[in-house]
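Asks: coords below, sequence missing:
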Ligand SMILES: Nc1ncnc2c1ncn2[C@@H]1O[C@H](COP(=O)(O)OP(=O)(O)O)[C@@H](O)[C@H]1O
Ligand SMILES: [Mg+2]
């Protein structure tokens, strides 16, 4: 019997992740069926893995070279998203918390944050969306989410009763925003301690459930929210959005500095509103200069504004939409970057609470 063993695949490269299959610990089993077909079961660390075909070819070739009797080789994939288990210490069961920020308002942060959330969801991940822009919450309007988060009593294993906030469910996604709580147009001035308390409630007292990704739409400018988030949990990182103009790029660089200051890793930069009005490529160049990954560009398209105005931004991810490829590509790149960062980190002890 010449059936290949998982160990015989150990030295194969895992494309795009700078790891071997052994380093990824991802070949679950190899079984040959009655027909002589060899089935290889592999676990991927992200949905929408862009090099899957390449990996399949490499595995198939290796199995054939070891097991000359195999009639056929079939590689089957499952996904178990990897991440820093952000927020384990405050009871959050989220693998990757991702902040979407920029230096200033109006560059399309909320648009990118919501598109990223729905893009990751359409790749197959479980995703939540937190609107942390308490000064100008726009997520509920952009995606047409309405309703009030409910407060329900939960009984802890030790018998004590706690109040938990249940996010609004919209299109299969859990969403939280101050916009659900404070009526429209009531400007709220959040002082530091109040802001901290509110965000803490949105994170540690909210029933997010088990998530692969929690996307956080950040307010522009000040570092208060970033500081609070970084104190509560270890984020997977920040995605910095900017437009191609010079001034916007300078602001983005400031935002990068702000995240670095509070120890939130930078996942990369996104160029939004790429196109004739603002030009193209400035963000990619800035990212390259600073050795930061470039995660993609979202072309300027009136359709993006219209769908947001009409509270159906998520329909941009529908199959026939012109912006779909750019948004899907962005989501896949962010997922890939989270996986890369994960495998760069030293292995953390598994938290029992997460199992
Ligand atoms: N790629 C794009 N093409 C066209 N309009 C866009 C694009 N991205 C965002 N917009 C529009 O720009 C405005 C600001 O976007 P928004 O996401 O609210 O920015 P921010 O959250 O950074 O303040 C909105 O009207 C939005 O619809
Ligand atoms: Mg916004």
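Replies: All right, it came through fine. The model shown is predicted, which means the values in this text are computed figures rather than measured ones. Ligands and ions are numbered 1, 2, ... in the order given.
Asks: please make it C-alpha for all contacts and neighbour counts, starting now.
Replies: OK.
Asks: tell me the buried residues in stretch 78-89?
Replies: Using 16 or more other CA atoms under 10 Å as the burial criterion, the residues of stretch 78-89 that qualify are 79, 81-88.
Asks: check stretch 216-235 too.
Replies: Quick answer for stretch 216-235 (16+ other CA under 10 Å): 216-221, 223-230, 232-235.
Asks: how close does the residue nearest to residue 138 when sequence neighbours are not counted get to ligand 1?
Replies: If the residues on either side of it in the chain are set aside, residue 138 comes closest to residue 110, at 6.9 Å by CA to CA, 6 or more residues apart in numbering. Distance of residue 110 to ligand 1, computed by CA to the nearest ligand atom, to the nearest Å: 4 Å.
Asks: coming back round to it: for residue 332, state which of the buried residues of stretch 78-89 is nearest.
Replies: residue 81 (12.5 Å; CA to CA).
Asks: so that closest one makes contact with residue 46?
Replies: Yes: at 4.8 Å, residue 81 counts as touching residue 46 under the criterion of CA atoms under 8 Å.
Asks: mind checking pLDDT for the residue nearest the centre of the chain?
Replies: In the chain, the residue lying closest to the centroid (CA atoms, centre = their mean) is residue 213, at 4.7 Å. Per-residue pLDDT puts residue 213 at 98.
Asks: what do you get for the one 5 residues further on?
Replies: The per-residue pLDDT reported for residue 218 equals 95.
Asks: what's the answer for residue 123, then?
Replies: Value for residue 123, per-residue pLDDT: 96.
Asks: need the phi and psi values for it.
Replies: Backbone dihedrals for residue 123, given as degrees, to the nearest 10, come out at phi -80, psi -10.
Asks: and what of residue 72?
Replies: The phi and psi torsions at residue 72 (degrees, to the nearest 10) take the values phi -160, psi 160.
Asks: go on, residue 112?
Replies: Dihedral angles for residue 112 - degrees, to the nearest 10 - are phi -70, psi -40.
Asks: quick one, what contacts it?
Replies: 100, 241, 272 (CA atoms under 8 Å, 6 or more residues apart in numbering).
Asks: tell me the one of these nearest ligand 1?
Replies: Nearest to ligand 1, judged by CA to the nearest ligand atom, of those is residue 272 at 5.2 Å.
Asks: so the closest one touches residue 240, yeah?
Replies: No: using CA under 8 Å, residue 272 makes no contact with residue 240, being 10.2 Å away.
Asks: burial count for residue 100?
Replies: Using other CA atoms under 10 Å, residue 100 is surrounded by 26 other residues.
Asks: quick check: it is in a helix.
Replies: No: counting by DSSP: H, G, I helix; E, B strand; the rest coil, residue 100 is not found in a helix; it is strand.
Asks: bridged to it, which residues?
Replies: residue 217, residue 239 (DSSP bridges).
Asks: test my guess that it contacts residue 217.
Replies: Yes: using CA under 8 Å, residue 100 makes contact with residue 217 at a distance of 5.2 Å.
Asks: okay, and the common contacts of the two?
Replies: 109-110, 113.
Asks: weed out the non-buried ones from these.
Replies: By 16+ other CA under 10 Å, these give 109-110, 113 as buried.
Asks: name the element residue 229 belongs to?
Replies: Residue 229 is part of helix 224-232, with elements assigned from DSSP states H and E.
Asks: next, the distance between the ends of stretch 143-153.
Replies: 28 Å (CA to CA, to the nearest Å).
Asks: which of the residues in it are buried?
Replies: For stretch 143-153, by 16+ other CA under 10 Å, it's 143-145, 148-149.
Asks: and the residues you listed, which is closest to ligand 1?
Replies: The closest of the buried residues of stretch 143-153 to ligand 1 turns out to be residue 143 (CA to the nearest ligand atom; 11.4 Å).
Asks: and the closest one, what are its phi and psi?
Replies: phi -110, psi 0.
Asks: my read: it touches residue 306, true?
Replies: No: contact criterion CA under 8 Å: residue 143 and residue 306 do not qualify, at 11.8 Å.
Asks: ok so, going back, dump the contacts of residue 112 to a markdown table, plus distance to ligand 1.
Replies: Below are those laid out as a markdown table (distance: CA to the nearest ligand atom, whole Å):
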| residue | distance to ligand 1 |
| --- | --- |
| 100 | 9 |
| 241 | 8 |
| 272 | 5 |
